[in-house]
Structure formats: structure tokens, C-alpha cells
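> Pasting the sequence and the predicted model now:
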Amino acid sequence: SQQGEEDPQALSIQEGENATMNCSYKTSINNLQWYRQNSGRGLVHLILIRSNEREKHSGRLRVTLDTSKKSSSLLITASRAADTASYFCATDNYGNNRLAFGKGNQVVVIP
Amino acid sequence: NAGVTQTPKFQVLKTGQSMTLQCAQDMNHNSMYWYRQDPGMGLRLIYYSASEGTTDKGEVPNGYNVSRLNKREFSLRLESAAPSQTSVYFCASIFGGTGTYTFGSGTRLTVV
């Protein structure tokens, strides 16, 4: 069954604004990952946060993980037009590298 | 360029026809995966291969077969295509341990 499940939002923001999207899951996880997919392309890994971590940064990306609420958020700061894409969270539930993906959030950044 | 290569990129099949989707990686990764992506459904795991010589079913294996030909190649076969198999198919690989996937660019399949 699907584990990572984003709020099914289509987010439209102005360039320079911040974009936040959320993900919830149902069972214990080993780690949670975020991927980006540009239109017509494959998914690209953005960031991984382990179950014993609460926050992680990578460039303009900030990910939080709340295992008590079984939820995660991805923040993109100072968005750019090139950030226009779909963003997926994925959970590794058993440490066996079988990722369960959510349905994705579409983000449009208007120049 | 190192990565995951999928062929073909596009394919149209008639109901009942068969075809094989090819996937190859040149990163010496141990594990390989096939997912399908449908609108509003995210990605769903069809089959995976944890290592050369092993394959296992994922979430939606019905109507598909796979072959892990060697460490580099993992193919997905549709024996008798159905319109419900119209989708975008992605292959991915991972070296091992707890890590991140490298995805191919996908095969867009339409069954009419």
C-alpha cells in the first residue's frame, strides 16, 4: 500500500516566495526521501532524512520529519522558475530499499 | 554518461500484443526496480530485483514478468497488453544499503 502521501496540492507561487509541501505516512519508517520530477522526465533525488533526524538542509531545501505525527515537510526557499516541477515524498519502511511513493505535489513558480 | 537507460521512450501497442521494456544501468548497482506512474496515483512498484539472479513482486505485478539478465540489465515484459497498462514506466537502481534511487527517463506506453 502507498505509504508516503502528500497533501494533493497544486501550488502556484511567485518567484522569490517560499514553497511548502507536506507528506504523511502510515507506518514506521527507516528513512523518508523527497524527489523532484520535471515534466516528461524521470525523478531526481533531492534529500533523504533518517528516522532519527528531525531536520535537514540542502541548499535552498529544508526538510523536517516528525515521527510522532508520521509527517514530513519540504520547504523550498526563494523559489525560482526552474523549481517548477512535481515533488514526491517516498518512504523506506523496512530498510530494504523498497520505496513507497506518494501521489506528488505540483509546484508552479511564476517568473 | 553514467545512469539508467530505458528503451524505448515511447510505444503504442494494440490490445493483446506483447513487448519488452529494457533497462540498463552502468553504475554497478545491485538492486533494480520497475515502477509505473499513472495520473493521480504516484508511482507504484511492479517488480524489483534485490540482486542479480533474484526477482520479487511489488505492489502491482499482475500482467507483467521480469528478467534480471545480468547485473546491468532488468527487463519488464507485457505478455498480452491491456488498455489498463497504459502508463509511464520507470526503471530505477540503487547500490545497496539505505540509499537513494537513480531513475531512468521513462517509457510512455499506450495500449489501444
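Great, that's in hand.

> give me the number of residues near residue B:20?
13 (other CB atoms under 10 Å in any protein chain shown). (Glycine included, C-beta is placed from N, CA and C.)

> Isn't it up against residue B:79?
No. The criterion here is CB atoms under 8 Å, and residue B:20 misses it with residue B:79 at 9.8 Å.

> what bits of the chain have low per-residue confidence?
Since no chain was named, I'll use chain A. Where chain A drops to pLDDT under 70, the residues are A:1-8, A:95.

> hmm, I had chain B in mind actually
Within chain B, the set of residues satisfying pLDDT under 70 comprises B:1, B:97-98.

> That one against chain A: which residues are in contact?
Applying CB under 8 Å from any CB of the partner chain, we find that chain B lies next to chain A at B:4, B:31, B:33, B:35, B:40-45, B:48, B:50, B:58-59, B:90, B:92, B:94, B:96-106.

> Separate out the buried members of these.
For the residues of chain B next to chain A, a burial check counting by 16 or more other CB atoms under 10 Å in any protein chain shown picks out B:4, B:31, B:33, B:35, B:42-45, B:48, B:50, B:58, B:90, B:92, B:94, B:99-106.

> is the most centrally placed residue in chain B in a bridge, and if so with what?
Nearest to the mean C-alpha position of chain B, counting by CA atoms, centre = their mean, stands residue B:34 at 3.0 Å. Per DSSP bridges, the residues bridged to residue B:34 are residue B:47, residue B:91.

> Could you verify my assumption that it touches residue B:88?
No. With contact defined as CB under 8 Å, residue B:34 does not count as touching residue B:88 (11.6 Å).

> Could you check how far residue B:109 is from residue A:18?
Separation of residue B:109 from residue A:18 (CB to CB, to the nearest Å): 37 Å.

> When those two are compared, which one has more neighbours?
residue B:109 (20 against 12).

> what about the more buried one, which helix or strand?
According to DSSP states H and E, residue B:109 maps onto strand B:107-111.

> Who does residue B:66 form a beta bridge with?
Where residue B:66 sits in a bridge, its partners, by DSSP bridges, are residue B:76.

> ok, now which ones touch it?
Neighbouring residues of residue B:66 by CB atoms under 8 Å, 6 or more residues apart in numbering or on different chains: B:34, B:46, B:47, B:49, B:55, B:74, B:75, B:76, B:77.
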